[in-house]
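> Predicted model and sequence follow; I will ask about them next.
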Amino acid sequence: MKTETFEGVMEQAYSRKLDTPIKFSGDFSAFENKPEIPANLLPTDADIVDWVNNKAKANARQKAMQAALDAAGIVRPTLENDEQLRLRKMYDILVANKTSHEEARAIAAATLGLKWEQ
């Protein structure tokens, strides 16, 4: 068994954007091979059947959702087909480069010759 660490940043909580991102970190004991796992933690045959069925259901659900989107004529936004996505990507790059929110929006709109919808 070994200790593994994790970390991340929360930018949203409870369906709301946080004013300031919050960093978090932690650790846990990870098993390195099956013999280390106590018998009471191993999945039962029913657990394995449920896992396989849930995996198949998730796959089928995703395919059905994509087929419904395709049938409705809804396409995945890309830089080539969505002006607002292009604006957001340029804005993200500018903000990552320490440009202010207002200036980044203005530069992105002026450079691309587009208007923000929101």
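Arrived safely, thanks for sending. All values reported here derive from a predicted model rather than from experimental measurement. Residues are numbered from 1 along each chain as shown.

> what's around the closest residue to Gln84 other than its chain neighbours, how many residues?
Spatial nearest neighbour of Gln84, excluding adjacent residues (CB to CB, 6 or more residues apart in numbering): Glu117 at 5.7 Å. Every residue, glycine included, has its C-beta placed from N, CA and C. Using other CB atoms under 10 Å, the number of residues around Glu117 comes to 7.

> pLDDT at Glu117, what is it?
pLDDT, Glu117: 93.

> pLDDT of the helix or strand where Val52 lies, averaged?
Using DSSP states H and E, Val52 maps to helix 45-71. Helix 45-71 shows a mean pLDDT of 97.

> Can you name the next helix or strand after it?
Taking DSSP H and E, what comes next after helix 45-71 is helix 83-96.

> and that following helix, what does it pack onto?
Applying 3 or more CB pairs under 8 Å, 6 or more residues apart in numbering; DSSP states H and E, one finds that helix 83-96 contacts helix 101-112.

> Can you give me the buried ones in the helix it packs on?
Going by neighbour count (16 or more other CB atoms under 10 Å), the buried part of helix 101-112 is Ala104, Arg105, Ile107, Ala108.

> Could you work out the end-to-end span of stretch 72-88 for me?
The straight-line separation of the ends of stretch 72-88 (CA to CA, to the nearest Å) is 25 Å.

> Counting neighbours, which bits of that stretch end up buried?
Arg86, Leu87.
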